[in-house]
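[1] Structure of the sequence below:
(2 chains)
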Amino acid sequence: MKAPRSRFEYFYAAALRLYPARFRAAYAAAMQQALHDALADPDVSRATFLPLLIRDLMVSLVKENIAMVRESLARPVLVFNALVLAGIASGVALALYAIPQQVLRQGLNDPQIQMAGDVAARLEHGGTPNETVPQGEQVDMAQSLAPFVIVYDEQGHPLASQAVLNGAVPAPPSGVFDYVRQHGEERVSWQPVRGSQTVNGVRIAAVVERVSGAHPGFVLAGRNMREVEAREGQVREMAGLTWLGMLGVILVGCVAFGWYTRPKAGPPTHATPAM
Amino acid sequence: MTTGTQPATPLSPAVFAILLSLGEGDKHGYAIMKDAQSPRGGAIRMGPGTLYGSIDRMMRDGLVEESGVSDDERRRYYRLTGLGRRTLASELERLDAAVSSAKSLGLMRRPLAKGGRG
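    Predicted coordinates for the structure are as follows:
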């Protein structure tokens, strides 16, 4: 290839390096020659030709590179591998969210399990609800993150409570008590006030235990989930960002792999007509 | 652009201009660009990128081929293939029918302008 013959041709030759290698190998010299011919043509005004050339360069660069990417990626094996990798990445991201979320949720119940068990045991050994439920300043279920205990009778009416919500002692749905009657214990996320947690909703991680003996009924130990749910949100965001990052890496990797393993084709010379 | 050996029309302006230019005979890139820019060549202003991008796809579609003749190592000549010639003829017939229709509807009151675009 001859050296560029003017500064503008030099820059044009440099810009041609941005074309895909196959296209560049096939046509770069001819394109430089066409430019040289145009610049040497007395009938061609540089003032109108050079803007056309720049526009043409930008449009065709985009077009040929997109065509190259499409040709490089339009291979079933590559697409299949990309989909498999994307599936694995999605599974990993899901695990990154689900495992910490479960750890946070399980850990959230730890104090309630101990508290409900202790109060239930004291009730079964003859204690009264008012004696067994710690007295003192009442916990506001909507505001406080402190764990609390409530004792209910057989019908689900509160007998003693360490916490209130809007000035009253709420009770979980009767279905929870029905389940505990059959199974002895239940661990639930209880939403005594409907709505968004951040506006006016309250979600309680509750452990409910069956109590027999002199004061049969139920013991509910609960704790506001607000803080843990905020941490779950952070985990979800991190897992989501990780997922998007992995998909981005897979996309870039597949494009790069497709590019470096694309079918090599030399300059198209003397093509056979499709007759 | 083409399916097998059958001409596929309509053509893009650049492809039509290239076929029309090569209809006269073997030409190199810049000669095709100049022909395309002239009013009789379609008045299509295209740069080397559009020209060789179109030629690349036309060669794959079997519409044009390198003639093998060259007066300079950087100046490559191209010519129509049989399919390219049939495709050009098919496009010209399509355009001719459209122009005839426009004339019969009185949509072309003036002769075609002699000046090209841009």
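
[2] quick one: pLDDT of the nearest residue to residue B:17 once chain neighbours are set aside?
    Closest residue in space to residue B:17, ignoring its immediate chain neighbours: residue B:36 at 3.7 Å, by C-beta to C-beta, 6 or more residues apart in numbering or on different chains. For every residue, glycine as well, the C-beta is placed using N, CA and C. Reported pLDDT at residue B:36 in the predicted model: 93.

[3] can you check residue A:4 too?
    Reported pLDDT for residue A:4: 51.

[4] now the one 5 residues further on
    Reading off the confidence values, residue A:9 has pLDDT 89.

[5] residues in contact with it?
    For residue A:9, the contact set (C-beta atoms under 8 Å, 6 or more residues apart in numbering or on different chains) comprises A:32, A:35-36, A:39.

[6] Tell me what residue A:204 is bridged to.
    In this entry, residue A:204 is beta-bridged to residue A:190, residue A:224, by DSSP bridges.

[7] Hmm, it is touching residue A:222, no?
    Yes - look at residue A:204 against residue A:222 with C-beta atoms under 8 Å: they come within range, at 4.2 Å.

[8] who has more neighbours, those two?
    More crowded of residue A:204 and residue A:222, by other C-beta atoms under 10 Å in any protein chain shown: residue A:222, with 31 against 26.

[9] which ones among the contacts of residue A:9 come in contact with chain B?
    Taking C-beta under 8 Å from any C-beta of the partner chain as the test, chain B is in contact with A:32, A:35 out of the contacts of residue A:9.

[10] Residue 92: which element?
    Because you didn't say which chain, this covers chain A. Following DSSP states H and E, one finds residue A:92 within helix A:76-108.

[11] actually it's chain B I care about, not the one you picked
    Judged by DSSP H and E, residue B:92 forms part of helix B:82-104.

[12] Check which residues of that helix are buried.
    Going by neighbour count (16 or more other C-beta atoms under 10 Å in any protein chain shown), the buried part of helix B:82-104 is B:83-88, B:90-91.

[13] Just the pLDDT for the residue of the stretch 101-250 of chain A found nearest chain B.
    Relative to chain B, the nearest point of the stretch 101-250 of chain A is residue A:248 (29.2 Å; C-beta to the nearest C-beta). For residue A:248, the pLDDT comes out at 95.

[14] Next to chain A, which bits of chain B? Give me the list.
    B:2, B:4-5, B:28-30, B:33-34, B:45-53, B:55-56, B:59-62, B:64-66, B:68, B:72-76, B:81-84, B:118.

[15] so the host helix or strand of residue A:208 versus helix A:76-108, what angle?
    Residue A:208 belongs to strand A:202-211 when assigned by DSSP H and E. Between strand A:202-211 and helix A:76-108, the angle comes out at 60 degrees (axes from the mean of the first three to the mean of the last three C-alpha atoms, to 10 degrees).

[16] Tell me which other helices or strands strand A:202-211 touches.
    Applying 3 or more C-beta pairs under 8 Å, 6 or more residues apart in numbering or on different chains; DSSP states H and E, we find strand A:202-211 packed against helix A:110-124, helix A:174-183, strand A:185-193, strand A:217-224, helix A:226-260.
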